[in-house]
Structures are given as structure tokens and as C-alpha cells.
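Chemist: based on what follows, work out the 3D shape:
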Amino acid sequence: MTRISRKLRKWTSEALDLPQDILLDMPRLTLIGSRQLYIENHRGVLNFTPEELLLALSSGRLRIGGSGLVIRSILPEEISVEGEITSVHIERTGEDL
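Modeler: Predicted coordinates for the structure are as follows:
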């Protein structure tokens with residue numbers, strides 16, 4: 001995404017009072033304690049074990065670490081994970097660095 005395009009989307013988001021995650025194609029994460037994580041706007045599961053979940057994002061990857069991780073539900077752009085969540089890390093790639 002070009003710099004001008006990002007600025008235009010940010011301005012539009014602020015002017016129209018729209019959520020930035022929708023306009024800027026960002027993931028929305030909802031963490032409930034350290035036991036449940038709900039992720040919207042992902043691009044697919046890259047890897048999953050009971051200790052780690054790796055998701056593709058539009059501009060990188062999302063790495064969730066923990067123990068006893070279980071995918072409770074998965075839809076094309078939404079996923080719900082339960083277990084002992086100890087880390088959430090976004091790995092950016094491309095122009096967004």
C-alpha cells in the first residue's frame with residue numbers, strides 16, 4: 001500500500017468516524033483474560049500446534065504462543081482460540097515496516 005493511499009484511508013476513517021481496522025485492512029484482536037482470543041480479519045492459518053498458532057495477515061503474520069491452545073471456531077476471516085495464551089506478536093512485512 002502506498003504512503004498516499006495509507007494517508008487517504010486514515011483521513012477517511014477519521015472524517016467518517018469509521019473503524020480503522022476495516023479501512024486499513026488490519027486485524028482486530030479481542031483477548032479475554034489469558035484464556036480466550038478472538039481474531040477478525042486474518043488471511044488464513046499458516047501453522048497450528050497446542051503451543052503456537054501462526055496466522056497470515058494482509059501485511060505480515062500473527063504469532064500466538066501459549067499452552068493447550070485449541071481452535072474453537074474458524075471462519076474465512078474470523079478465528080476463536082482458547083487455552084493459556086502467553087504471547088501475541090505481530091510480524092510485519094513489506095511497506096508497513
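Chemist: checking D25 next. Helix, strand or coil?
Modeler: coil (DSSP: H, G, I helix; E, B strand; the rest coil).
Chemist: now it. Nearest residue, chain neighbours left out?
Modeler: Spatially, and ignoring its direct neighbours in sequence, D25 is nearest to S58 (4.5 Å; C-beta to C-beta, 6 or more residues apart in numbering). (Each C-beta comes from the backbone N, C-alpha and C, glycine too.)
Chemist: the one you found contacts R43, doesn't it?
Modeler: Yes - using C-beta atoms under 8 Å, S58 is in contact with R43, at 6.2 Å.
Chemist: and the next helix or strand past the helix or strand of the chain with the lowest mean pLDDT?
Modeler: Lowest mean confidence among the helices and strands of the chain (mean pLDDT, DSSP states H and E): helix 20-23, at a mean of 54. Going down the chain from helix 20-23, the next helix or strand is strand 28-32, by DSSP states H and E.
Chemist: what comes up buried for the following helix or strand past that following strand?
Modeler: Next in sequence after strand 28-32, counting helices and strands by DSSP H and E, comes strand 36-40. Neighbour-count burial for strand 36-40, counted by 16 or more other C-beta atoms under 10 Å, picks out 37-39.
Chemist: mind listing the helices for the chain?
Modeler: 3-16, 20-23 (DSSP state H).
Chemist: which residues sit against stretch 32-49?
Modeler: Stretch 32-49 is contacted by residues 21, 25-31, 53-58, 61-62, 64, 66, 69, 71-72, 74, 77-86, 88 when judged by C-beta atoms under 8 Å, 6 or more residues apart in numbering.
Chemist: what do you get if the cut-off is 7 Å, keeping everything else the same?
Modeler: Contact with stretch 32-49 is made by 21, 25-31, 54-58, 61-62, 64, 71, 77-82, 84-85, as judged by C-beta atoms under 7 Å, 6 or more residues apart in numbering.
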